[in-house]
Structure formats: structure tokens, C-alpha cells
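**Student:** Okay, structure incoming, though there's no sequence with it:
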């Protein structure tokens, strides 16, 4: 996650028209592996430093259970490094048309999907845009950065 990205006028126009932009690869293999390990540690309750999670995930025995940890950057150094990355901030600021960006919130989410088990929907999250969940603001000038920790394609839920 080094360097800088300068979005083109075409990319910014696409974002304004469609509400999303798909970047090229930002994290290298080593960084993704560290984030995958961090992800696993969070679900095991293995936290860094003296932080505490804003919300706790509680297993219910269902392997398809949706898992969500709010503000994981408080409890995991790898997540903190990723979500406070100057590069992500630079991209967000460009998309919002501002000179800077501030991290408001992060989530570590495990969405296992349902696979062949169509009757079990607990891990299925349908297509959505995050703005509908942001009831604490009256501006639409916000962005979400989604970082997939696995190969993501149409068959398993990419945008």
C-alpha cells in the first residue's frame, strides 16, 4: 500500500454517476495475508493493546452466521494500519471532492453466504449501498472503502 493514486476525470465522473468506483489492487499479497490473519484473530477474541471492541460478535453455533465487529481498528493493529492508510484517505478525498478525509467508522465483516444451502439465509447480505444505513448525517458526501480479503468474482458476491 505505497505510493499515490490520482483518479482521472473519467473515474471521478463514473463515481458521481454510479455511486461506486472499483480500484485496481491496493494491498499486496503480504498485506492481505496479514489482514486475513488479523480477521481470524478478531473472531477468536485476540485483541491488540488495551482497546476494546465497540460491539461484540457472539457465536451461535451456525457456521453461516454473519459476523460483524465495529471499529476493529481499536483492537487490531493490522486493521488500524489498513483503515488509516494515507492512500485510502487520498482516494476517499478525491471521490468526495475534498482536500482530506476522516475515518468515521470501520467494520470487519465475515459474510459466509449460503452456498448450496438456500434455506439458510443468516449469512446472506443482499445488494445494498451503505448510505441507507447512515442515519446520523444529512450529507451524501461520504464513501465506503470495501476491502475483499479473498478473490472476489460475480459468483461469490462482487460488485
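**Tutor:** Cool, got the structure. It should be emphasised that the depicted structure is a prediction, and the values quoted were computed from it without experimental measurement.
**Student:** where exactly do the strands run in this protein?
**Tutor:** 67-70, 107-110 (DSSP state E).
**Student:** Of the ones you listed, which is nearest residue 4?
**Tutor:** strand 107-110 (25.9 Å; CB to CB). Bear in mind the C-beta positions are built from the backbone N, C-alpha and C, glycine included.
**Student:** Partner strands of that closest one and their direction?
**Tutor:** The pairing partners recorded for strand 107-110 under DSSP bridges are strand 67-70 (antiparallel).
**Student:** tell me which residues in the strand it pairs with are buried?
**Tutor:** Residues 67, 69, 70 are the ones in strand 67-70 that count as buried (16 or more other CB atoms under 10 Å).
**Student:** How far away from the center of its chain is it?
**Tutor:** Averaging C-alpha positions (CA atoms, centre = their mean, to the nearest Å) puts strand 67-70 11 Å from its chain's average.
**Student:** can you check stretch 140-158 too?
**Tutor:** For stretch 140-158, the distance to the chain centre is 7 Å (CA atoms, centre = their mean).
**Student:** ok, now how distant is the residue lying closest to residue 142 once chain neighbours are set aside from residue 128?
**Tutor:** Once flanking residues are discounted, residue 142 sits nearest to residue 134: 6.3 Å by CB to CB, 6 or more residues apart in numbering. According to CB to CB, to the nearest Å, residue 134 stands 12 Å off from residue 128.
**Student:** These two: which is more packed in?
**Tutor:** Set residue 134 next to residue 128 and count neighbours by other CB atoms under 10 Å: residue 134 wins out with 15 against 8.
**Student:** Next one: the more buried one, what pLDDT does it get?
**Tutor:** Looking at residue 134, its pLDDT reads 76.
**Student:** what about the protein, any weak spots by pLDDT?
**Tutor:** For the chain, applying pLDDT under 70 flags the ranges 1-2, 113-126, 155-159.
**Student:** which secondary structure elements does the lengthiest helix in it contact?
**Tutor:** When the chain is parsed with DSSP state H, its longest helix is helix 29-43. Applying 3 or more CB pairs under 8 Å, 6 or more residues apart in numbering; DSSP states H and E, one finds that helix 29-43 contacts helix 77-83, strand 107-110.
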